[in-house]
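Visitor: pasting the sequence and the predicted model now:
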Amino acid sequence: MRRPQVIVAVMSVAALAACTSEKPPAETETPLSPVSLTVQHLDDYVKGKPGRILLEVDNEGPYRETVDVDLSFNLKNAPKGGDGISVEYQEPKSRSWKNLHLSSKYAEGATALGGSYQVPLARGASALMLRLTPEARPTTSGQSIGITAKLRSGRRILANEHGTAPLANLQVSAESGDDYVRREGGWSEYSFSVNNRSTVDYPKIQVLAHLCKEAGDAPLDEDCESDESTSHLHVQWKTQDSWKDLDITADAPDSEPEDVNLMEVGAILNSNVSLPPGKSRIIHFRIEATSNFPKGDWGGQLQFLARSKGDKSLTAFSTGNSSFQVK
């Protein structure tokens, strides 16, 4: 699921000393906090599977041997009657995960759970990694877990920031894919899974596929462009009965469309599948180069999208992709 990042800047208000009519004292200013913090969600958050949360720290102040990382997770917008969450953290320079004990002590609000651990605070940029595991499936789209992260030295709050972990209703994953499409012929196969991670019954999930060219040496993003070489590829998808040809002659949009319905423009596949609660579907594709494929290096990507059409929540929308080189 292409999920938006949550980044909040740390600010403080400058305060001027009060003045008298007799002898104004020297002006003093409360310095800006030398520590900034951002909270980013990196993964899909689904029942029983840990999803990463990144805390990015920038310390322009002194090194501190120990600071407290206070965390609060608000379940107000999470599924009701669920089994809660579990949270793990990594200490700096460690690859192992430790369980974070959750209670109401560090929680902000009646619907929250919280915990705290300690780390050294290095000068400059550093990163703290968490893993959040929901223990309930979303019961509707748009549900999420609120995150509040504080860095504290004693009673002094160095940074206090907020984020969100959206709970995925739909999740697309690239299951398999060949690295190369061979000029001498032969099929290269790719498969994607569409998973219903919620308790919602989806009788009709729209699935779309786009065939894109590689954007130079840069990794492909959500933009999808075709070129002359794209038209020299033969693409099929597997139905219940057999492999079916896909039309790759339609023009793709030059950039990410503002209107979500325009995502259908240029799609080589536009179909629907049913997804009962907790179920998944595997969609198979295969690609071969035609005999007149242009010479030279060429890279492409098969992009796959699933959504509950008409649902504006990003939790009912997910994408995946497989990149390949023609060789």
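Guide: Thanks, I have the structure now. Numbers count the residues shown, from 1 in each chain.
Visitor: need the strands for the stretch 51-200 of the chain, in chain order.
Guide: For the stretch 51-200 of the chain, strands defined by DSSP state E, counting those that start in this stretch occupy the ranges 51-59, 64-74, 85-89, 98-99, 112-121, 124-134, 144-153, 156-166, 170-177, 180-181, 188-196.
Visitor: which one of those lies closest to Ser318?
Guide: Ser318 lies closest, by CB to CB, to one member of the strands of the stretch 51-200 of the chain: strand 170-177, at 4.1 Å. From N, CA and C alone the C-beta is placed, and that goes for glycine too.
Visitor: ok, the nearest residue to Arg152 once chain neighbours are set aside - how many residues close by?
Guide: Among residues not flanking Arg152 along the chain, Asp68 sits closest, at 4.4 Å (CB to CB, 6 or more residues apart in numbering). By other CB atoms under 10 Å, the residues close to Asp68 number 17.
Visitor: surely Asp68 touches Arg156?
Guide: No: judged on CB atoms under 8 Å, Asp68 makes no contact with Arg156 at a distance of 10.3 Å.
Visitor: my guess is Leu55 contacts His41. True?
Guide: No: counting by CB under 8 Å, His41 is not a contact partner of Leu55; they are 11.1 Å apart.
Visitor: quick one: low-confidence parts of the stretch 51-200 of the chain?
Guide: 82 (pLDDT under 70).
Visitor: JSON lines for the strands of the stretch 51-200 of the chain, including distance to Ser322?
Guide: Formatted as JSON lines, the strands of the stretch 51-200 of the chain follow (distance: least, CB to CB, whole Å):
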{"stretch": "strand 51-59", "distance to Ser322": "22"}
{"stretch": "strand 64-74", "distance to Ser322": "34"}
{"stretch": "strand 85-89", "distance to Ser322": "30"}
{"stretch": "strand 98-99", "distance to Ser322": "35"}
{"stretch": "strand 112-121", "distance to Ser322": "38"}
{"stretch": "strand 124-134", "distance to Ser322": "26"}
{"stretch": "strand 144-153", "distance to Ser322": "29"}
{"stretch": "strand 156-166", "distance to Ser322": "24"}
{"stretch": "strand 170-177", "distance to Ser322": "3"}
{"stretch": "strand 180-181", "distance to Ser322": "11"}
{"stretch": "strand 188-196", "distance to Ser322": "5"}
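Visitor: any idea which of the ones you listed gets closest to Thr230?
Guide: Of all the strands of the stretch 51-200 of the chain, strand 180-181 comes closest under CB to CB, at 11.6 Å.
Visitor: buried stuff in stretch 157-167?
Guide: Going by neighbour count (16 or more other CB atoms under 10 Å), the buried part of stretch 157-167 is 158-159, 161, 163-167.
Visitor: CA atoms of that stretch as CSV?
Guide: Extracted C-alpha coordinates of stretch 157-167, given in CSV (Å, rounded to 0.1, in the frame of the first residue of the first chain):
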residue,chain,number,x,y,z
ILE,A,157,11.0,17.4,26.6
LEU,A,158,13.6,17.6,23.8
ALA,A,159,11.2,16.7,21.0
ASN,A,160,7.5,15.7,20.8
GLU,A,161,6.1,14.5,17.5
HIS,A,162,3.1,12.6,16.1
GLY,A,163,2.4,10.1,13.4
THR,A,164,-0.1,7.5,12.2
ALA,A,165,0.1,3.8,11.3
PRO,A,166,-2.8,3.2,8.8
LEU,A,167,-4.3,-0.3,9.0
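Visitor: residues in contact with it?
Guide: 1, 3, 6, 8, 10, 33-41, 45-46, 51, 53, 57, 67, 78-79, 121, 132, 134, 138, 142-152, 197, 314-315 (CB atoms under 8 Å, 6 or more residues apart in numbering).
Visitor: what of stretch 78-91?
Guide: Here stretch 78-91 has contacts from 50, 69, 71, 73, 75, 96-100, 102, 113, 115, 117, 119, 128-139, 143-145, 167, 199, using CB under 8 Å, 6+ apart.
Visitor: mind listing what's buried in that stretch?
Guide: 78-79, 82, 85-90.
Visitor: compute the first-to-last residue distance for that stretch.
Guide: By CA to CA, to the nearest Å, the extent of stretch 78-91 from end to end equals 28 Å.
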